[in-house]
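1. fold the following.
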Amino acid sequence: MGNQSSSPSPPWGEGRGEGRLRTAHQTAAAIRSGETTALAECDAAIARIEAGDGAINAVVVRDFERARDTARAIDASPRGDRALLGVPMTVKESFDIAGLVTSWGFADHADHVATEDAVAVQRLKAAGAVILGKTNIPVGLADLQTNNPNYGRTRNPHNPDRVSGGSSGGSAAALAAGFVPLEFGSDIGGSIRVPAAFCGVWGHKPTFGMIDTDGHYFPRTKGAAPNLSVIGPLARNAEDLALALDLTSDLPLPKPAPRPTSAWRILILARHPLAATSTAVAAAIESVATAFVNSGAKVDRDSALLPDLAEQHADYMRILAVAMARGQPPVGGPPSTPMIVLLDRQAACRRAWRRLFRDYDAVIAPAWGTTAFAHDDTPLPERIALIDGVPTPFAAQIAYPGLATFPLLPATSVPVGMDSDGMPIGVQVIADRYADHTAIAVARAAHDLVWSR
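-> Predicted coordinates for the structure are as follows:
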């Protein structure tokens, strides 16, 4: 798989005369040096969206004129050394931006206009980012595909018949289509990692609590973020991903000392006991494992230190149900487990993972058991996933994102190949609590080992 994988042909490719999209780092550097201007970069991004988004429907809340005003103000001011100076970007619709709608895809909230920026948006703007608008989501951020009555459906830039993922599906699609170099999303059930994997871009779920979620509210509320929920960056490369993480984190996150690939200690978790994995995704995981072995790294494919993954998943689904229900009582079925009991189990699970990370730097697992699937609006409890032609409960796949979510760990989604249909394959790299930059570093090593250039 490693030698067969290749970079997807980007929809904006050089053959169309539009040139390569600069990274966030490159854009800011080019503006600082005078090679280009913030307004020129802003206008170029707007042109890409206007030319290409009709077929994708990723950027659903547009704020182009205010973005141009911001870019002009940047060009008229001393350039300084702001890390995202003039970088055009979009953010997920669920983030508040003053003057723009925040509906979370609910028809009842289609007229809800935010009055102030989310904290993460404030930090991105302070670093020099130019926000062009907001990207599409599923209703209530509650699906692994993106469709809602307010904005319609977002399609995967690699194949419009396939989903872009969810709930940060518009975020990943905007990156994959080459509209912008940087995005910001949220994740409670894989909502950053799965869209990134489906669209062939990078995404990072931070350690729980490391980025202030204020301004990422359910519409017309200002409550606390649900247990397990985090916000984090998506990008087209590891360097921009790490930069956006550092710019928005509440506190500095430690960075691992530089080391050769041979020095990493990797645990490969190719399959979950409760969720199937397609042949293509399993082969991609094995390709990564083999590449690390060939580089001299320590690679294990099993460990007695892993917690009971079936028990972990059951408890994860219980807490997730409480979080997504927003305090509503369960409809039918058994009564919910008391939250204090679930939190005790979560603490025990976190201790188990902490012990595991004494022996390993990272765990590499599927972000999802398949590549991007065909659009399917069947309700989640009834939806079926076809994995190598075999019907399997769709909801069981949530076990893969839950590996990192329940113990509150950081995880980086990284593209590592393509399947036979030309769809991207991404895997997640899970690291110890607060070792976010280790997750990104191992993801970069994995990508470099198997990605044909």
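
2. C-alpha only now, for contacts and for neighbours.
-> OK.

3. which residues of the stretch 351-453 of the chain score low on pLDDT?
-> 452-453 (pLDDT under 70).

4. helices along that one, start to end?
-> Counting by DSSP state H, counting those that start in this stretch, one finds helices in the stretch 351-453 of the chain at the ranges 399-405, 436-450.

5. then the first one to PDB, C-alphas only?
-> What follows is the C-alpha trace of helix 399-405 in PDB, where atoms were taken according to Å, rounded to 0.1, in the frame of the first residue of the first chain:
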ATOM      1  CA  ALA A 399     -15.700   3.000  18.200                       C
ATOM      2  CA  TYR A 400     -12.700   4.300  16.200                       C
ATOM      3  CA  PRO A 401     -13.100   8.000  17.000                       C
ATOM      4  CA  GLY A 402     -14.000   6.900  20.600                       C
ATOM      5  CA  LEU A 403     -10.500   5.400  21.100                       C
ATOM      6  CA  ALA A 404      -9.100   8.900  21.800                       C
ATOM      7  CA  THR A 405     -12.300  10.800  22.700                       C
END
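
6. in it, what counts as buried?
-> 399, 400, 401, 402, 403, 404, 405 (16 or more other CA atoms under 10 Å).

7. rewinding a little: right, so of the helices of the stretch 351-453 of the chain, which gets closest to residue 219?
-> Nearest to residue 219, of all these, is helix 399-405, at 23.5 Å by CA to CA.

8. can you list contacts of the closest one?
-> For helix 399-405, contacts defined as CA atoms under 8 Å, 6 or more residues apart in numbering pick out 188-190, 193-194, 228, 272, 274-275, 309, 312-313, 316, 365-369, 410-411, 430.

9. narrow those residues to just the buried residues.
-> Buried, going by 16+ other CA under 10 Å: 188-190, 193-194, 228, 272, 275, 309, 312-313, 316, 365-369, 410-411, 430, out of the contacts of helix 399-405.

10. for residue 413, which non-adjacent residue is closest in space?
-> Leaving out its chain neighbours, the residue that sits closest to residue 413 by CA to CA, 6 or more residues apart in numbering is residue 428, at 4.3 Å.

11. ok, the one you found touching residue 366?
-> Yes: Residue 428 lies in contact with residue 366 (CA atoms under 8 Å); the separation is 5.8 Å.

12. show me this structure divided up by domain.
-> 14-248, 262-450 (automatic domain parsing).

13. list just the one of the ones you listed that sits closest to residue 254.
-> Nearest of the domains of the chain (CA to CA): domain 262-450, 6.6 Å.

14. got the end-to-end distance for the closest one?
-> 15 Å (CA to CA, to the nearest Å).

15. cool, stretch 270-280 as well?
-> Stretch 270-280 has its terminal residues 11 Å apart, counting by CA to CA.

16. contacts for it next, please.
-> So stretch 270-280 is contacted by 282, 285-286, 301, 309-310, 364-366, 368-370, 387-388, 392, 396-397, 399-400, 419-420 (CA under 8 Å, 6+ apart).

17. what comes up buried for it?
-> Those would be 270, 271, 272, 275, 276, 277, 278, 280, for stretch 270-280 by 16+ other CA under 10 Å.

18. closest one of the residues you listed to residue 73?
-> residue 280 (48.4 Å).

19. got the angle between the helix or strand containing the closest one and helix 436-450?
-> Element membership for residue 280 (DSSP states H and E) is helix 279-295. Using axes from the mean of the first three to the mean of the last three CA atoms, to 10 degrees, the inter-axis angle of helix 279-295 relative to helix 436-450 is 90 degrees.

20. pLDDT of helix 279-295, averaged?
-> Helix 279-295 shows a mean pLDDT of 98.

21. helix or strand next in line after it, which one?
-> Downstream of helix 279-295 (by DSSP H and E), the next one is strand 298-300.
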